[in-house]
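1. Fold the following, please.
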Amino acid sequence: MKKLHRLFAILAVGALAWSCSSESTTTDAITLSSEETQIISASGGKLYFNFTTNGSWKAHVPNISGYDWSSILPTSGDAGDNTITVTVLPNTNNEARTMTFTIYSGSVSYEVAVMQLSADGFAVVTKSFTVPAEGADIDVQVVSNIGYTYSVSDSWITVADTKSLETSSVSFTVAENEEFEERVGTIEFTAGDITETVTVTQEAQEPYFNIVTEGVGQWGDPIVTLPQEGGSLSFEVETNLDFVAATDGTQDWLTVTQDGNTITLTAASANSAYSPLEDWVYISCSHNGESYDAYGATVCVHQEENVLLEYNLTSAAALTDYSINRGGNSLAYGNGYLLVLDKTAGKIHALNGSDLSYEAAADVSALGAASIASDDAGHVLIANECIMGETFTVYCASSISDTPTQLISFVNNIYSGDCPMGNIRVRGDVTGDAVVTAYSPVYQYAVVWEITGGVVGDAKEVEVTPKANDNCWNCYNGVVAPIGPSLSDGLYMGSYSAPYNLEYYNGSEWSDALTDIMGGNGWGYDLSSLHTAEYSGVRYMAFISGSFFNYFESYLTLYMVADASAPMQVSQKPVSEWPGVTFTDGSYADFASYSPTDVVMVPGDESLAIFVLDASFNTIARIDYK
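-> Numbers count the residues shown, from 1 in each chain. Got it, this is the predicted structure:
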């Protein structure tokens, strides 16, 4: 109580310091030189409270009928040293009694108390204690002129120390409360026919759970990575709850063991696949048989992949570094230059293929350029987009400094409403043998031109059977890409449209090459960036999964195409690993009108270069696989 009054006094001093002028130095204060609680025997008498104030003061006794056994004088006075005399009548009862009164001076106050012992001279000064969950010692002060005993209601309160009678204290130890509910115990002091009860309230234990692992995923889940060759990794769980760690049992490469608060994850054998293995360990908590669902964790466990090609980020930059507008972007590569279409400005920008430094720009607005691509020989194809009844035209140039010549002219008779066809892809050499494709989004059609000996054949309109009853907004929500320089090599098709699968065309019919490639969530992903290439005698396919709505992380995924009907993943890397890239939920480019991503693979003597444009992340990068 004294500390509380002193705090009030300090606060009052602070308030006056702000409100008074610099000429005023007087502050309200009460300084008590006597004990704030004084004890008097049952026979009564007088007690004296000595105090000092900086100003005039008043004393107030609450208007309580039970206080008629005491009185105080004086009840007011001036600044300086003062004394209040308390007169106490004899106590003939078998219970101690207490009266309090308050001294006021200006804005501060002080409460003092008088305790009178019972007729038998026995009292417990403090009858209520609150103890924290971790436990503590308490001292119960007893005033007595006769012998007394005590008893404790619960085993979690034990005697710590006992002192002599007269004015004494008995120390008790309150053990830690391991339960999540408050508990209350009592200590009874008995002297003759008098019983005083002390109440001990102990606060509840707060449940806690914490683990520390090597990484954190984009949704905040912990991530643990095991080596490709197999092995174990352990981590500690800090909690006061019971817990169980286990997988869902659907995979057999990962085992989970638990020893006390240590969880050990083990991959018993090497991962022979070219993509990481993934499983989830679910840690569920309980206490006394009751589930605590708000606590626990889901740990993502990876085992590193068998490395077929080693990933290396060579360079990265922001589109804004080149003053390239985001949206309506596509990529091509020729003569050592990465070509970036800026549909909004009607320009093709040339970047140095080695370090992405800026080189030059060409105006292609007169061609209605809506997408670009490059064949295996480095020729650049430039195409417009068109709705039903309009003409789709593809131009070809050896470089952006050359005058493009018309390669393909096609009157679009495929029903597409207001949605245009476009988004070209090419494999082979258009001056020799090649396949050029475009995509029509309504009811999902591939338009294919085979080129033999430099001569363009008739257009083939191929309905994508698995997606024939669905449609996309436009031709940049999907892509049809040739796997090789002949239609007999097959086609791949992917789109922002259910089913979210990679479809494969073998020359006569479509089938699912990869099912649920969007991970069960088409809202975040697209395949409009699909591209294929051949490197060191092996065919590959790459795409960026993500970014139409950008609700989810974007990944560059690379597949080996030994069997076109069942491509095998060899690498998957998040775009967030690139310098300067920050994932922001929902920060997309103009998804309804333009393709926000594109990818082009360029095989070299020493590496497979993959150039990636992700407009939603405002990023362009070169990655080398060796």
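
2. Going by C-alpha atoms from here, please, whenever you check contacts or count neighbours.
-> OK.

3. so where's this protein uncertain?
-> The model of the chain has pLDDT under 70 over residues 1-26, 161-167, 214-220, 516-528, 546-553, 580-596.

4. Pop the domain breakdown of it in here.
-> As given by automatic domain parsing, the domain ranges for the chain are 2-116, 122-202, 214-303, 311-625.

5. Residue 137 reaches residue 170, doesn't it?
-> No. Contact between residue 137 and residue 170 fails when scored by Cα atoms under 8 Å: they sit 10.3 Å apart.

6. hey, what's in contact with both of these two?
-> The contact sets of residue 137 and residue 170 overlap at residue 160 (Cα atoms under 8 Å, 6 or more residues apart in numbering).

7. Tell me how many other residues crowd residue 411.
-> Here the count is done by other Cα atoms under 10 Å, and residue 411 has 14 residues near it.

8. how about it, what does it touch?
-> Residue 411 is in contact with 388-392, counting by Cα under 8 Å, 6+ apart.

9. Repeat the analysis, applying 6 Å as the threshold.
-> By Cα atoms under 6 Å, 6 or more residues apart in numbering, residue 411 lies in contact with 390-391.

10. Ok, residue 264 next?
-> Contacts for residue 264 (Cα under 6 Å, 6+ apart) come out as 233-234, 256-257.

11. if you set the cut-off to 7 Å instead, what comes out?
-> Residues near residue 264 by Cα atoms under 7 Å, 6 or more residues apart in numbering: 232-235, 256-258.

12. With adjacent residues omitted, what lies nearest to it?
-> residue 234 (4.2 Å; Cα to Cα, 6 or more residues apart in numbering).

13. May I have whichever strand or helix holds that neighbour exported as PDB, CA atoms only?
-> Using DSSP states H and E, residue 234 sits within strand 231-239. Taking C-alpha atoms only, strand 231-239 is exported to PDB below (Å, rounded to 0.1, in the frame of the first residue of the first chain):
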ATOM      1  CA  GLY A 231      20.200 -39.300 -43.100                       C
ATOM      2  CA  SER A 232      18.700 -37.900 -39.900                       C
ATOM      3  CA  LEU A 233      18.000 -34.500 -38.400                       C
ATOM      4  CA  SER A 234      16.700 -33.700 -34.900                       C
ATOM      5  CA  PHE A 235      15.100 -30.700 -33.400                       C
ATOM      6  CA  GLU A 236      13.800 -29.800 -30.000                       C
ATOM      7  CA  VAL A 237      10.200 -28.900 -29.000                       C
ATOM      8  CA  GLU A 238       9.800 -26.400 -26.200                       C
ATOM      9  CA  THR A 239       6.300 -26.900 -24.600                       C
END
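
14. Report all helices and strands that the next helix or strand after it contacts.
-> Counting by DSSP H and E, the next helix or strand C-terminal to strand 231-239 is strand 242-246. When contacts are defined as 3 or more Cα pairs under 7 Å, 6 or more residues apart in numbering; DSSP states H and E, strand 242-246 packs onto strand 277-287.

15. Output the very next helix or strand once past the strand it packs on in PDB with nothing but the alpha carbons.
-> Where DSSP H and E defines the elements, the next helix or strand beyond strand 277-287 is strand 290-303. Written as PDB, here are the backbone C-alpha positions of strand 290-303 (Å, rounded to 0.1, in the frame of the first residue of the first chain):
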ATOM      1  CA  GLU A 290      -7.900 -32.700 -23.900                       C
ATOM      2  CA  SER A 291      -6.900 -31.600 -27.400                       C
ATOM      3  CA  TYR A 292      -5.200 -28.200 -27.700                       C
ATOM      4  CA  ASP A 293      -5.600 -27.500 -31.400                       C
ATOM      5  CA  ALA A 294      -4.300 -23.900 -31.100                       C
ATOM      6  CA  TYR A 295      -0.900 -25.300 -30.400                       C
ATOM      7  CA  GLY A 296       1.400 -27.600 -32.400                       C
ATOM      8  CA  ALA A 297       2.900 -27.300 -35.900                       C
ATOM      9  CA  THR A 298       3.000 -28.600 -39.400                       C
ATOM     10  CA  VAL A 299       6.600 -29.200 -40.500                       C
ATOM     11  CA  CYS A 300       7.400 -29.500 -44.200                       C
ATOM     12  CA  VAL A 301      10.200 -32.000 -44.700                       C
ATOM     13  CA  HIS A 302      12.200 -32.100 -48.000                       C
ATOM     14  CA  GLN A 303      14.800 -34.600 -49.100                       C
END
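
16. Kindly calculate the angle that strand 290-303 makes with strand 231-239.
-> 150 degrees (axes from the mean of the first three to the mean of the last three Cα atoms, to 10 degrees).

17. what packs against strand 290-303?
-> The contact analysis (3+ Cα pairs under 7 Å, 6+ apart) places strand 290-303 against strand 222-226, strand 277-287.

18. How far away from the center of its chain is the longest one?
-> Same thing as strand 277-287. Distance of strand 277-287 from the chain centroid (Cα atoms, centre = their mean, to the nearest Å) equals 18 Å.

19. Next, the buried residues of it.
-> With burial defined by 16 or more other Cα atoms under 10 Å, the residues of strand 277-287 counted as buried are 277, 279-286.

20. so what's the residue nearest to residue 125 when sequence neighbours are not counted up against?
-> Among residues not flanking residue 125 along the chain, residue 141 sits closest, at 5.6 Å (Cα to Cα, 6+ apart). By Cα under 7 Å, 6+ apart, the contact set of residue 141 is 124-126, 168-170.

21. Off-centre distance for the strand holding residue 234?
-> 21 Å.

22. For the remainder of this discussion, apply numbering that starts at 56.
-> Yes, from this point I'll number from 56; that puts the last item at strand 286-294.

23. Report the inter-axis angle for it versus strand 297-301.
-> 160 degrees.

24. Strand 286-294 - contacts with which helices or strands?
-> Using 3+ Cα pairs under 7 Å, 6+ apart, the elements in contact with strand 286-294 are strand 264-266, strand 317-322.

25. between it and strand 317-322, how many degrees?
-> 150 degrees.

26. Show me which residues of strand 286-294 are buried.
-> Buried, per 16+ other Cα under 10 Å, within strand 286-294: 291-292, 294.

27. again with stretch 435-447
-> By neighbour count on 16+ other Cα under 10 Å, the buried set for stretch 435-447 is 435-443, 446-447.

28. Figure out the length between the terminal residues of that stretch.
-> 17 Å (Cα to Cα, to the nearest Å).

29. Now residue 484: phi and psi?
-> Dihedral pair for residue 484: phi -120, psi 120, per degrees, to the nearest 10.

30. Run through the residues that contact it.
-> By Cα under 7 Å, 6+ apart, the contact set of residue 484 is 430-432.

31. And residue 322, by the same measure?
-> Contacts of residue 322 (Cα under 7 Å, 6+ apart): 285-287, 308-310.

32. Can you tell me the closest non-neighbouring residue to residue 294?
-> residue 264 (4.4 Å).

33. Number of residues surrounding that neighbour?
-> Neighbour count for residue 264, taken as other Cα under 10 Å: 15.

34. for residue 555, same thing?
-> Neighbours around residue 555, by other Cα under 10 Å: 23.

35. which element is it on?
-> Per DSSP H and E, residue 555 falls between elements, in no helix or strand.

36. how close does it get to residue 424?
-> 29 Å.

37. now residue 517
-> With distances taken as Cα to Cα, residue 517 is found 24 Å from residue 424.

38. The two: which is more packed in?
-> Neighbour count, other Cα under 10 Å: between residue 517 and residue 424, residue 424 has more, with 26 against 18.

39. tell me the contacts of that one?
-> 398, 401, 437-439.

40. 8 Å - rerun?
-> 398, 401, 437-440.

41. How about residue 367?
-> Contacts of residue 367 (Cα under 8 Å, 6+ apart): 678-680.

42. ok so residue 477 is a helix residue?
-> No. Counting by DSSP: H, G, I helix; E, B strand; the rest coil, residue 477 is not found in a helix; it is strand.

43. out of the contacts of residue 484, who has the most neighbours?
-> Within the contacts of residue 484, residue 430 tops the neighbour count with 23 neighbours, counted by other Cα under 10 Å.
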